[in-house]
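*Asks:* What follows is a protein structure lacking sequence information:
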DNA sequence: TCGTAATCGAGACGGTACGTCATGTCTTGTT
DNA sequence: AACAAGACATGACGTACCGTCTCGATTACGA
């Protein structure tokens, strides 16, 4: 990736990325998302607009970068207990979405729909995460850990889709409990040590 | 509902709405969603821009109106067979979303997030539809038609949420089959009283 | 002028003119001249915009009407003492201009320049007043009352022109003293009973 | 005066000013003053509207700039013969006003009355010119070159005021002869040291 | 007394321009 | 090269007037 690069000329100021991203976050906090213009961010970061565009191809990419740092990495941990794994995963994603907030997500969505290249990139990024969850679930199905009638891809959509839906299209809060309820809803109620649902 | 108003002043030209909406639809079809400016729509409709703004507070409201007409009215029909009712409903919503297309949906989403008033209005509009489905499912639960462990609101989210999710965030197509699969996935496989498909 | 007119139909509401003009004056006082729109005036007068346009061909004509009522009729009184007559006349015009104010005058000026018909009408209206002054002065010249080298038309312009000039283009106030000074300046200093300027 | 500025950022395209002003002049010539919109000028100049607004705060300022270039610089030349100096000056101003035309002048006047800041700026600009003439005349008075009873400021108003008055409020033409007649009218007929025209 | 004609209130409508905002590119001089 | 500064093209936004129009509801006069 970083092949010896001869790197002629003045080297890049290393903390510019941080300053810009911080400025973006602060701008959103103080002036709301609507006030997030590249000009404003650059000025707040004490950086020229040119410098911003040298690092990110456009506003959408900058925002995408910002959001991916706001979310903790929602990598799926596979422990063998698929229900718990999915629950943790779903809760993490929900938390990430809440941290980022509806405005950012919505704007990125619009950018994805209007800029094909950006859309493809973002979709690919998320596809990987989704694929991991699907595979884990698929293996659990094969292991007989969950109802064999379930389609793994559909189930995963039914875990993640409602998160975005709630965030963007309803007034209801996106809580960890909600995320867990989603898991129970598709996988069926969890078995209890004492007194299972089907005695 | 409010047909009793005294009707003062010059009445609105009845087909202006139609002309504007038609012009908007045509503009999107020919120039893509990105080319949809209020100026362009007004000109194409043979109408003054001010006339457009008299009827719709802004571009977003016009587009929202347009989309709600592009979707067939996804009113939930209650027949007593909740599974079939929900399936039909979900398929309809999916078809509506496909008809409207990701770009429109995404942009409206962004508008909702940036204009609080618009967001509130749209959310309220959809909340009604959602409420109907929740209530129908709730009654089916009480009737014992479906698993009593299911939370109606969560289930409905798991039917509708994935539709938006697929449309906006994945490359996978949004088909009627997918919509039906969602129903089966949360409600469990359909019972086969008289002869299953593969006996 | 008012030839027997059959006067069919509903007669005009007699005090509408007054109400509209009053509303115009009030609007200027409270919202400044910039806020003087026909809509605003009509609303304030409790009158429909149509009604305004039925009486005045356009905004400029309304404003012209308003100004002519703000100025007291500056008809030239001829007493035989041309210097005193012109002084009184000039002072009256100055007072009228001050009462009307620069904004109104300026806007009427612009309207005159942009609407030929309106311009012609207004010019004709003032031409009469000007002609009277010129004739009075001309007779005084013939009577030997003033310097025979003076051109009456030029002198009158040098009395009235500076009034508009001061009002519109300088910061200096338009006082009665200034108006009188103008007369002295062109006609030479007034003769004194005891001790003339050239003993 | 301020040529010492560090010159940061991309320098302004030097001929943009020229192109815009030329476009404005041409637009007025072809489409009349009424057709002078900032949009039209910008397009004709091959320049973005924003670029116009970067240089001139608004339409009025642009037009004002244009007019000041249409008038040849009416700086007062002081030769010692005050009568000739003032005559030349007055003729120049008259010529400038004619070149600019009543419509422009009238509209600028209206702009001055409606936008206080613009008005103040324009008044200040002209005040300098006026002050110069007043001072020159004042010195001539002290030198005994003209009637000591004359008030310099009043006289200057009586030279310039009638020019505007004729241009804007009468149908009479604004000729050089008229301008010269104004001078004779206030200063008295010119002395004929060596042989008058009609002895 | 009843119809006819004009007035009035209300507000829709076409038209035109305004000034603003944000994106992303480009052009300087400076480090 | 990277960087700061800022000019520039582009394109849309929403607003404000103007003057015209189309309704329904009045209000007189004349047949």
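*Replies:* Nice, I can see it. Just so it is clear, the model here is predicted, and its values are computed rather than measured. Residues are numbered from 1 along each chain as shown, chains lettered A, B, ... in the order given.
*Asks:* can you pull out the helices in chain A?
*Replies:* Taking DSSP state H, the helices of chain A run over residues A:16-31, A:38-45, A:49-55, A:59-70, A:82-100, A:102-114, A:116-142, A:152-169, A:176-187.
*Asks:* Export the ones you listed to CSV and append columns for distance to DNA strand F, mean pLDDT and mean neighbour count.
*Replies:* Yep, even glycine has a C-beta here, placed from its N, CA and C like the rest. As requested, these are exported to CSV (distance: least, C-beta to the nearest atom of the strand, whole Å; pLDDT from 0 to 100; neighbours: other C-beta atoms under 10 Å in any protein chain shown):
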stretch, distance to DNA strand F, mean pLDDT, mean neighbour count
helix A:16-31, 5, 93, 16
helix A:38-45, 8, 96, 17
helix A:49-55, 4, 96, 14
helix A:59-70, 13, 94, 18
helix A:82-100, 25, 95, 20
helix A:102-114, 12, 94, 23
helix A:116-142, 18, 94, 16
helix A:152-169, 20, 98, 24
helix A:176-187, 33, 96, 20
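*Asks:* Format the ones you listed as a markdown table; extra columns: distance to chain C.
*Replies:* Shown next, in a markdown table, are the helices of chain A (distance: least, C-beta to the nearest C-beta, whole Å):
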| stretch | distance to chain C |
| --- | --- |
| helix A:16-31 | 31 |
| helix A:38-45 | 31 |
| helix A:49-55 | 36 |
| helix A:59-70 | 38 |
| helix A:82-100 | 45 |
| helix A:102-114 | 37 |
| helix A:116-142 | 46 |
| helix A:152-169 | 40 |
| helix A:176-187 | 52 |
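*Asks:* Which among those helices is found nearest to residue D:149?
*Replies:* Taking C-beta to C-beta, helix A:38-45 is the member of the helices of chain A nearest to residue D:149, at 63.4 Å.
*Asks:* do that closest one and DNA strand E meet at all?
*Replies:* Yes. Counting by C-beta under 7 Å from any atom of the strand, contacts between helix A:38-45 and DNA strand E involve A:38-39.
*Asks:* Just the angle for that helix relative to helix A:16-31, thanks.
*Replies:* Helix A:38-45 and helix A:16-31 are oriented at 110 degrees to each other (axes from the mean of the first three to the mean of the last three C-alpha atoms, to 10 degrees).
*Asks:* Which residue ranges make up each domain of chain A?
*Replies:* The record assigns chain A these domain ranges, following automatic domain parsing: A:16-55, A:75-187.
*Asks:* And the helices of chain A: which comes nearest residue C:184?
*Replies:* Between the helices of chain A, helix A:38-45 lies closest to residue C:184; by C-beta to C-beta that is 61.6 Å.
*Asks:* Mind listing residues that contact that closest one?
*Replies:* With contacts defined as C-beta atoms under 8 Å, 6 or more residues apart in numbering or on different chains, helix A:38-45 is touched by A:16, A:19-20, A:22-24, A:26-27, A:31, A:48-49, A:51-53, A:59, A:62.
*Asks:* Quick check: which of the domains of chain A is nearest to residue B:127?
*Replies:* Of these, nearest to residue B:127 by C-beta to C-beta is domain A:75-187, at 7.0 Å.
*Asks:* what about the closest one and DNA strand E, touching?
*Replies:* No. Against DNA strand E, domain A:75-187 shows no contacts by C-beta under 7 Å from any atom of the strand, the least distance being 7.6 Å.
*Asks:* Ends of that domain, what's the gap?
*Replies:* 21 Å (C-alpha to C-alpha, to the nearest Å).
*Asks:* That one: how far from the chain's middle?
*Replies:* 9 Å (C-alpha atoms, centre = their mean, to the nearest Å).
*Asks:* So it, near chain B or not?
*Replies:* Yes. Using C-beta under 8 Å from any C-beta of the partner chain, domain A:75-187 reaches chain B at A:102-103, A:105-107, A:109-110, A:112-114, A:123, A:126-127, A:130, A:149-151, A:154-155, A:157-158, A:160-166, A:168-171, A:178, A:181-182, A:185-186.
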